[in-house]
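quick one: sequence and predicted model below, then my questions.
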Amino acid sequence: MEASQIADLLRAIAEVVESDPKLAKAVEKCLSNSLNPQKSKGSSEATPKQSNASKTLENGDIILTECRQILREHGEEQLRFYLTELGEQVRELLKHGQLDPKRSMRRRKDLNSIIEHIIQKLQDQDQSGKLLAATISRT
């Protein structure tokens, strides 16, 4: 994608956001949530209490949506890479989207097994959604 195409896309997105106040608030909230953990990382070295707070995942549903999008568009390997970058926060991600209803996966020590579980659950959910859509379209 060329720079002019990216600029056009960003302008179109800006117009849509400006025309819908609810969407503007949602985008603003998403951006502030994305920027706040970065700010706390720099100051977390000064106080250990803040480092514990930065381990919680406040916008897990948004990150889960990003995970689903990465899985659909780029595949399993890119999702694995993305989840690996999250590090210990994948444990917090399990609390969202019915990924760990029995709370058994959160106790595992191995992050790779947690990441594999998340990928498998997201693939299962995606497949069940496709099956549901297919049955609805037949009726």
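Perfect, I can see it now.

residues near residue 5, how many?
9 (other CB atoms under 10 Å). From N, CA and C alone the C-beta is placed, and that goes for glycine too.

can you tell me which helix in this protein is longest?
When the chain is parsed with DSSP state H, its longest helix is helix 111-138.

by contact count, what packs against that helix?
helix 60-74, helix 76-86, helix 89-93 (3 or more CB pairs under 8 Å, 6 or more residues apart in numbering; DSSP states H and E).

with respect to burial, which of these scores highest?
Greatest average neighbour count among these goes to helix 89-93 (a mean of 19), per mean count of other CB atoms under 10 Å.

quick one: list the elements packing against it.
Partner elements for helix 89-93 (3+ CB pairs under 8 Å, 6+ apart): helix 60-74, helix 76-86, helix 111-138.

who's in contact with it?
55-57, 60, 63-64, 67, 83, 86, 99, 106, 111, 114-115, 118 (CB atoms under 8 Å, 6 or more residues apart in numbering).

neighbours around the closest residue to residue 99 other than its chain neighbours, how many?
Using CB to CB, 6 or more residues apart in numbering and skipping the chain neighbours, the partner closest in space to residue 99 is residue 121 (4.9 Å). By other CB under 10 Å, the residues close to residue 121 number 16.
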